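**Q** Using only what follows, build the 3D model:
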Amino acid sequence: MLDSINQQVNSFIIHIMKLAVLMDDIANINPKKDSSLAMMLEATRRGWEIYTFDTTDLFAEQGKIFAYASKTTVVDHPDNWFERQSNQTIELSEFNVILMRKDPPFNMDYIYATYLLEQAENNGVLVVNKPQSLRDANEKLFALNFAHCMPSTLISTQIDQIKFFITTEKIVVVKPLDGMGGNDIFKLTDGDSNIDEVLDYLTHQGTRQVLTQAFLSDIVKGDKRILLINGKPIDYALARMPAEGSFKGNLAAGATGIGQPLSDRDYYLCEQIGPTLKDKGLMFVGLDVIGDYITEINVTSPTCIRELDAQFNLNIAGVLFDAIEQEINTE
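**A** Model (predicted):
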């Protein structure tokens, strides 16, 4: 009888899932809006063990990849949402799943982290999203694979070329290829007096590629964030309405998020893009859609889970973890 009980206990221990979340310091998040926290809360509901660490905690030694990781518990509380134990050195191959949730900028430190995570992936760890695809899918440039779904777009270092594009399109939005949160995004109109100054700044005097797109007047209806899991969309989008006097549909730039059902056009865009996302192992992705067009494909650390969950009584992280568990069980 005692042997049977011990076998059951040992079986339970063996099957506890271990999740690591590579993220910025959990102490600095906004728990009301943070999608990484939503994922960790779902993992907690499923009885998973959770560890957190940052890119600076990764290291490789003797061909193995480790992290100084902290066992972390989370609760859905606005003031005290986490507790962390002291760091311990853990080989990444001990985890079942690693969520790569580090916020941009997408710099060389980020790229180095994907190389280290790729070694863990080679040892059987499921990394969400796939490290190689994170490197391949720049959030501004990846959309070029779906040019028929984009507004008129120019990517160039050449100031004169960009100015001609502005003359042609009349009103444009210009932004760097590595930005986030509405930083360094400019709306320029043909004839503006500051065009040379802005382009000189953004292109680093003609040495850095920038993205210039025709301004979409439908921004007044919101910059929609559509979440896709394994290439399939959640049926509601968060339309981020620019603050008064602004054209930026970024929550970090003061926009207000209003949920709405996906339109027929939204579903069409998802049908065009979703299969490629699934093929590339991009399990959790956010499309940015203004009017009828995609403007960005966010693969690094998409947000808006908590806002959509609250407005429509959803559990988006639950859908994600169902997909993760299915992926693990088929490997």
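
**Q** hey, C-alpha coordinates of stretch 175-190 in PDB?
**A** Listed in PDB are the C-alpha atoms of stretch 175-190, where the atom choice follows Å, rounded to 0.1, in the frame of the first residue of the first chain:
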ATOM      1  CA  LYS A 175       9.400  55.600 -37.600                       C
ATOM      2  CA  PRO A 176      12.500  53.700 -36.800                       C
ATOM      3  CA  LEU A 177      12.600  49.900 -37.400                       C
ATOM      4  CA  ASP A 178      13.500  49.100 -33.800                       C
ATOM      5  CA  GLY A 179      11.100  51.300 -31.800                       C
ATOM      6  CA  MET A 180       8.200  50.500 -29.500                       C
ATOM      7  CA  GLY A 181       5.500  52.300 -27.500                       C
ATOM      8  CA  GLY A 182       5.100  55.200 -29.900                       C
ATOM      9  CA  ASN A 183       8.600  56.500 -29.500                       C
ATOM     10  CA  ASP A 184      10.200  58.500 -32.300                       C
ATOM     11  CA  ILE A 185       7.100  58.200 -34.500                       C
ATOM     12  CA  PHE A 186       6.400  61.300 -36.600                       C
ATOM     13  CA  LYS A 187       3.500  62.400 -38.800                       C
ATOM     14  CA  LEU A 188       4.700  64.500 -41.700                       C
ATOM     15  CA  THR A 189       2.700  66.400 -44.300                       C
ATOM     16  CA  ASP A 190       4.000  67.600 -47.600                       C
END
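
**Q** got the contact list for it?
**A** Outside stretch 175-190, the residues that touch it by C-beta atoms under 8 Å, 6 or more residues apart in numbering are 103-107, 138, 140-141, 155, 166-167, 169-174, 194-195, 198, 202, 208-211, 215, 247-248, 250, 252-253. For every residue, glycine as well, the C-beta is placed using N, CA and C.

**Q** so how far is stretch 202-218 off the chain centroid?
**A** Mean-position distance between stretch 202-218 and its chain equals 22 Å (C-alpha atoms, centre = their mean, to the nearest Å).

**Q** So for stretch 52-68, what gets flagged as buried?
**A** For stretch 52-68, burial by neighbour count (16 or more other C-beta atoms under 10 Å) applies to 52, 53, 54, 55, 57, 58, 65, 66, 67.

**Q** Which of these fall within strands?
**A** Judged by DSSP state E, those include 52, 53, 58, 65, 66, 67 as members of strands.
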